[in-house]
Every structure is written in structure tokens, then in C-alpha cells.
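In: whatever this is, show me its structure:
(chains A and B)
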2 protein chains.
Amino acid sequence: MTTATICTIGDEILIGQILDTNSRAIATALGESGVKVLSMVSIADDSESIISTMEDSLRKSDIVVVTGGLGPTADDITKPALARLSLSKGFVENLEQKEIIKDILHSRGLDALERNLSQAMVPDTCQVIPNRKGTAPIMVFPFEKDSRFGHKCVLYSLPGVPYEALGALDDIVKDLKSRFALDSIIHKTIMTYGIAESSLAELIRPWEEALPKEMHLAYLPNPITGVRLRLSAYGGVSEAEIESQIESLRPILGEYLYADSDSSLQEAIGKLLRGTGMTLSAAESCTGGMISHLLTTVSGSSEYYLGSVTSYAEAIKEKVLGVEEGIIAENGIVSSAVAAAMAEGARALTGSTFAVSTTGWADAYGDSREPAGTLWVGVSGPSGTITRRFNYHSGRVINIERFAASALNELRKYILNNRGK
Amino acid sequence: MTTATICTIGDEILIGQILDTNSRAIATALGESGVKVLSMVSIADDSESIISTMEDSLRKSDIVVVTGGLGPTADDITKPALARLSLSKGFVENLEQKEIIKDILHSRGLDALERNLSQAMVPDTCQVIPNRKGTAPIMVFPFEKDSRFGHKCVLYSLPGVPYEALGALDDIVKDLKSRFALDSIIHKTIMTYGIAESSLAELIRPWEEALPKEMHLAYLPNPITGVRLRLSAYGGVSEAEIESQIESLRPILGEYLYADSDSSLQEAIGKLLRGTGMTLSAAESCTGGMISHLLTTVSGSSEYYLGSVTSYAEAIKEKVLGVEEGIIAENGIVSSAVAAAMAEGARALTGSTFAVSTTGWADAYGDSREPAGTLWVGVSGPSGTITRRFNYHSGRVINIERFAASALNELRKYILNNRGK
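Out: Numbers count the residues shown, from 1 in each chain, chains lettered A, B, ... in the order given. Below you'll find the predicted structure:
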């Protein structure tokens, strides 16, 4: 299998100032092309580190993709280091990139300074892919029969600015396909919610153990989206074979499964409601607006989402949502009865088909009836109102996330079971 | 200088499915403690890769921090690999972590399965820091006189789930300070909002150029919190010296400065309102609940925050917030007049001292009056109602974040200027 190492150069990554997002985008492009990424590495703007890391990476993998750091000095160090690595005898001017540099600066109303034009100077050992997204060219260093590395390998050097680096990916993939015969890898993702990673593993163990050896399952848990399952198939497995494995997993997961690809609960809810004429509202207490926020991150949500009331103060629950004072006094503010009344109140206020509500203790305290971390969710709709209790212990901010996700999941299941009614 | 390598283990990072955010947080914590991070590396869930990468990292650096690969499911290879690396003779049960695992699962209403409890089994070569944020313990492998590495070094193994990994950072820093004499670095952070990074750099250039050479300023922009400025002082600079630099920066920044330490706009607002008896509400359209969500992430926000209405549908603006139909028809839904009426409506509905409102086009379309990316913010309070227009061009999700932050900043400035009245 053709293998790769991805390398980013830049002090600002190592001090935590910049989050490296280039490596992920490069990894995705390589993975989808059938290249196995063996490792990613971030190193300092330092010649010796660059050369020793490049040598090591070229020994271990067929392809090395390097992006410069975002610092202004990174470029000054990377290019001479790559010249040394490739045993270059000097620099040559790439006329095509030189014209691009002039064009780009001209379009910004600037003249090309010598410092800008020097970006068209490249080691005589490299091939150039002209880069129309930025002033720095893409440099390709082929090592066909270099005894230091012991196998045919190639190094691509991209600019560090994400827009420029990622704009070059299609060209890189095209170039490497001309150099290597790439294997196929297929990844399929499915989304689950409402079951912990360990219980999910127990539930699907017989299925997982029966997978053919070319397929591998990964568990990716997240407090808001639930556990994502990723099935990867290597070495000529067909789309149909991997689909058939997913089909046999579907009945085992049942209601836990909420989407067939990278997705979120709010997107799944949007999919259920879009085009049906049915509508949605929310009444939030402990989740403080997060449910409404998540619902409205979905483009097109205004088609089915009417709005919400965040009732942090008891008076708002009474005045706006019409939750009777007696219900709160009798059951406590965090209770099934209040969750139900809030959902019904939101539905009555907005005239929506469905409404979801939350009342709970997100912080480190509860009351005499319910402990810290308790959530009551209410969902109301044409076939009545249901409530459900949850308990989490993750601290305020993560509790709020888990609360919102649990409420969205109850809403999703309610819509799923009631949309025909 | 004490040096470190940060390593993340996980196929899902190498295929680009997950963005590695742990490494950045770990790098920040190490950097702030006076440790120099030499490199970051991401590798596959594979014993041989793990062991060879760890050996290489321990040879090159004093500290190795590893995250990932410790979850309870089948694809976990890290722990046995670390056992081999440390020449362990067997696994022992850590009773403290075992009790934590039971407590965490119990609090979620689950019984501890054998695979959960197996997380308390650790190689006999490691020291355990109990981890209350998750089921996997933090393992510390000291290598005092190991001839393979040739110097005193230590490896920390953290869980891969970001919430669990980052919760352990304080403990890690404490532990490594007991093992190494770290250089002193002092960092001071101040928060600004409402000025772009490049304009901010222009504004404070004379101040920045006059800094003593032991001090270094970093700009850390973020769409929600604004540009954070971090002043770092190396080599025995006193707290008083760095404070005096900050004091001289304060009048230059004026109203842009909103906090003296790592903070958020919603925390700054909480600080202005707490203990004053003054209260707050919100009316959100395009921000869809995000302002309310951000306000309620602050612990203790229920003291001053009453609640909000998210009026995605026009009918909710009219019915719940009392925005007259004629105002919308005459001015357009995204307008100064509607923003003002929404803020006044929220204030009237909830009886709050202050109210903030948003109406805008977050998606790729506008109307005949206002283009895509337009936001109108309203703030209402005892001294009247103000509105302000913004325009952003970042796509729906980031636009919503910028909209919410701009509204919070207008609210903050209004409270600041009106709290005495």
C-alpha cells in the first residue's frame, strides 16, 4: 500500500498559538485517494529539524507532504532546507510562477517587490506545479533511486496559508496518481445516539467479530453527536460489500442509529421535518438556548423551526409559557410535570406541531427532590406529551451540551414515531 | 531548557475524520509552564508504530505526553504497547480508579461492565494519577536511568476524549514541576473585542515596539472572543514589570479591552451585573438562541439572566415580543426599527433592566433592503434604545457566532456606560 507522512513546519503550532487544520485536510484528500497516512508531525522553523524529519519520513513512507508554518520567517528556512535535502546545486527561476506572482499582486493594486519575485526561485532539483491560489509555488521533489531512502519516494512542499495549501490538493493528488498505483479504501460512517461506547461495543460485538479481515470498525464518541461508527474497507472490497455489512448492522442498532453519514441530531430532525409542513418550537430552562442554537445551525431550518422561549427565571415559565405556579410548587422546578407543562406551553404559544422542553440542574447543585446533573426532557405533539429523566456529571458546560443532545434525541424519536399520525 | 514531544494516537486523525485539538491545548499548557515543545506527532493505532515513536520521542525530549487509544473498545492498543515500552512484568489493578469508574457509570445509571473495569488495570511500571473526568486513568511512566534514552525522562499517557484529556492537564503540569526544574515564563492575557487583528497591531505598534526584549506579545484572534493579546516574559522578569506594561496599554485600548485575563464577553457582562440587582433578557432572530446559550454558560448567570425569546418565525416576533406588523412591513425584517422593537419587547415581556436583540441574514441570501451577512443589534435599557449595524461574510455557522459576539459586545458597552444611571 502506498504510504504518506504529513509534516507542518512552524513555531506557532508548537506553542499552541495556531491550530493545525492543514494536516487534516491533506489527510482526508490522501485517504480518499487510497493513500495510507502513517503519521503527521509538526516541527519547529529550524533547518536541522526539517532535514532530519524529512529524511526520516522519506525512509518510512512513499509520499511526504510538507506545509510551511504561518510565520513570516518559515519560508526562508524551509526552501533552503529542502534544497540541501535534495542535494540541489542551485536555484532556478520558474517563469510561470513569476508571472502568477505579478498577476496576484497586480490584482491587489500592488507592484511585485524583489522579495515577492524571489518566491519564483526554486531548487534545481524540484519540479514545479504552478500555484494560482498564492504566490509560493508547489514544489515536487522526486527521489527515484536515492540510497538514503532505499525506495522510490516523493516530497511535495505546499505553502502554509490554509487557503493556498488546500487549493493545491487536487493538483497534488493528480500528480501522485501519475507516480504510484494507488489501492482503494472505502470509509462508511453511521451515527448513533443514546448508548454509551462500551454498551454499544457489547451490543454489536457478534457483528463486529464476524467482519471480514479487510474491514475495520472504529468508535468515535462525542457528547453532542453521540458515538460515530466508522467502517473502513481496504484492498478491493466493493461498495456493495461494505453496504451489505452496514445493512446487517442497521436492525441491531434500531433506534440508536440516526444517520447514515457524518451528521448531527439537529440535521436528522431537519430531514424528518423538511417538506412535511410540520413545525417545531422549544422551551428551554437549563439548556439556556443551546437547543435552539443547534436547531438553527441547520441551513433551511426556518422552514420548520418557529422559535423558542428560554425561561431562566420562574416568572417567565409562568407568564410566557403558562406553566401554573401550583405545578412548580407541587412538583419542584426540575420535574416531569414542569417539563410537560413547558413543552405544552411552547406548543400553545407558537402553534407548532411539536415542541421540546428542558428543565434541570446543570451546575454542581440540585434541590431536595432532584440531585445536581438531573435533566427532565418533555416532548409534546399531536399524540400527547412524554417526559424522560437523565442524569449527567460532567460540570456545567458539558452537562448543558449533554442535556441539549439528549433532548434533541428524544424529540427525534418522538417525531419518528408520530410523523404518520 | 526542558523539552517535550506531544503524541496523539488514532487512525481517525490520520484519515482526517477528527481534527486533533488536544495537541494544541497540551502545547499551550506546557509552553505556559516553561517547557519547550519540540514536535507534535500523530500516529496509527498500531503497536510497532507506538513503541518506535515513543522510543524516538523519549530519546529526543525530556517529556512525552501521549493522548488517545485508551477507550474501552476493541481498537485499543496503546496500553499494552506502553507496557512493552516500559518493560512491565504485568498489570495491576488501581483501586482508586476502579471506584471512580464505578461512580461515573453509576451516575449515568449504568452498571460497570468488565471492559469498563479493565480500564483500572495498569502496567506495574507506571504511577497513576486518578482521573475524575473519565474512566481511563492518567498513567505516568518515569524513565530515570534507562540506557535506551540516555537521560532522565518521563511519559504521560492521557485519554483521547478532549474533555477528559484537558481535565488532566493541571495534574500533569503539577507532576512535571515536581520532576524538572522549569524555567520561569510569565504570561498575562488581555481580551479585546471589536477591532480586527491588523488594526489592533497598528493601534498598539508604538507600545509593542517599546517592549523590553524579554517580553513578547502574541495575537490570538477568535470569532467569538475577539483578539486575545498574550504578553509573555522570559528570564526573571517580575510580575510588577509585566503589570506595569499592561497598565500602559490599557488607555490605548480603551473600550476595546473587556477583560484582564482569559475570559469571554458573557463573563465580562456577568461581572458587570452580578450583585447589582440589575437583570437581563434577550430577543434573538438570526442568532437562534446562541446569545442566550453563551450567557447561560456562565456559572451563576441565573442571578441576573431572566430568559429570552427566539423568534425565528415572524408571527412570534409579533405575538410574543409585540413587534407591530407595520414596523416589519415598513422597514423590512432585518432593520434598525425591528431590532429596537425586539429589544424593547423583550424588556417589556420579562421586566429586565437591559435587553439585547438581533435580526439579520446569517445565510447566503438577504432581501432587497439588506444584503447577506447583515446584522442589526438592538440594546434597550433605562436610558433608551440603541441599534447598530454589522456585516460579515463567513458562511452561516461562523456568521451566527460573529453576530452573537457583536451583540454581546454592544450589550457590554451599553451596560458599562449606563450602569450608574
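In: from here on, just use CA atoms for contacts and neighbour counts.
Out: Noted.
In: let me see the domain layout of chain A.
Out: A:3-179, A:185-259, A:265-418 (automatic domain parsing).
In: okay, which residue is most central for chain A?
Out: Geometric centre of chain A, nearest residue: A:D262, 8.3 Å, by Cα atoms, centre = their mean.
In: buried ones in stretch A:358-365?
Out: A:T358, A:T359, A:G360, A:W361, A:A362, A:D363 (16 or more other Cα atoms under 10 Å in any protein chain shown).
In: element containing the second one, please.
Out: Read it as A:T359. Secondary structure from DSSP states H and E places A:T359 in strand A:354-360.
In: that strand close to chain B?
Out: No: using Cα under 8 Å from any Cα of the partner chain, strand A:354-360 never reaches chain B; the gap is at least 12.8 Å.
In: list the pairing partners of the helix or strand just after that strand within its sheet, with orientation.
Out: Beyond strand A:354-360 on the C-terminal side, the first helix or strand identified by DSSP H and E is strand A:374-381. Here strand A:374-381 is paired, per DSSP bridges, with strand A:354-360 (antiparallel), strand A:384-391 (antiparallel).
In: residues of the stretch 301-421 of chain A that sit close to chain B?
Out: Counting by Cα under 8 Å from any Cα, the stretch 301-421 of chain A sits next to chain B at A:302, A:305-313, A:316, A:320, A:349-350, A:363, A:390-394, A:396-397.
In: which residues of the stretch 151-300 of chain A lie near chain B?
Out: Counting by Cα under 8 Å from any Cα, the residues of the stretch 151-300 of chain A that sit close to chain B are A:197-198, A:201, A:218-219, A:221, A:287-293, A:295-297, A:299.
In: about what we covered before: what sits up against the strand holding A:T359?
Out: Contacts with strand A:354-360, where a contact means Cα atoms under 8 Å, 6 or more residues apart in numbering or on different chains, come from A:278-287, A:333-335, A:338-340, A:342-344, A:346-347, A:373-382, A:403, A:407-408, A:411, A:415.
In: now intersect the residues of the stretch 301-421 of chain A next to chain B with the strands, please.
Out: Using DSSP state E, the members of these that fall in strands are A:Y305, A:L306, A:G307, A:S308, A:V309, A:T310, A:S311, A:F390, A:N391.
In: hang on, the fifth one packs against B:S308?
Out: Yes: look at A:V309 against B:S308 with Cα atoms under 8 Å: they come within range, at 5.8 Å.
In: residue contacts, the spatially most distant residue from the centre of chain A?
Out: In chain A, the greatest distance from the average C-alpha position (Cα atoms, centre = their mean) is reached by A:G326, at 45.5 Å. A:G326 is in contact with no residue at all, counting by Cα under 8 Å, 6+ apart.
In: if I look at it, how far off is chain B?
Out: Distance of A:G326 to chain B, given as Cα to the nearest Cα, to the nearest Å: 20 Å.
In: next one: A:I9
Out: In this structure, A:I9 and chain B are 10 Å apart, going by Cα to the nearest Cα.
In: where are the low-confidence patches of the stretch 1-150 of chain A?
Out: Residues of the stretch 1-150 of chain A that meet the criterion pLDDT under 70 lie in A:69-75.
In: show me where it has its strands.
Out: Along the stretch 1-150 of chain A, counting by DSSP state E, counting those that start in this stretch, strands occupy A:3-9, A:36-43, A:63-67, A:91-93, A:121-123, A:127-129, A:138-143.
In: can you lay out those strands as a markdown table showing mean neighbour count?
Out: Shown next, in a markdown table, are the strands of the stretch 1-150 of chain A (neighbours: other Cα atoms under 10 Å in any protein chain shown):
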| stretch | mean neighbour count |
| --- | --- |
| strand A:3-9 | 26 |
| strand A:36-43 | 25 |
| strand A:63-67 | 26 |
| strand A:91-93 | 14 |
| strand A:121-123 | 22 |
| strand A:127-129 | 18 |
| strand A:138-143 | 22 |
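In: and these: which comes nearest B:A25?
Out: Checking the strands of the stretch 1-150 of chain A against B:A25 by Cα to Cα gives strand A:36-43 as the closest, at 14.4 Å.
In: contacts for the top helix by length along chain A?
Out: Determined from DSSP state H, the single longest helix within chain A is helix A:396-418. Here helix A:396-418 makes contact (Cα under 8 Å, 6+ apart) with A:193-194, A:223-225, A:255, A:265-266, A:268-269, A:272, A:286-287, A:290-291, A:354-358, A:362-364, A:373, A:375, A:377-379, A:382-383, A:390, A:392-393, B:297, B:299.
In: quick one: buried ones out of those residues?
Out: Buried, going by 16+ other Cα under 10 Å: A:193-194, A:223-225, A:265-266, A:268-269, A:286-287, A:290-291, A:354-358, A:362-363, A:373, A:375, A:377-379, A:390, A:392-393, B:297, out of those.
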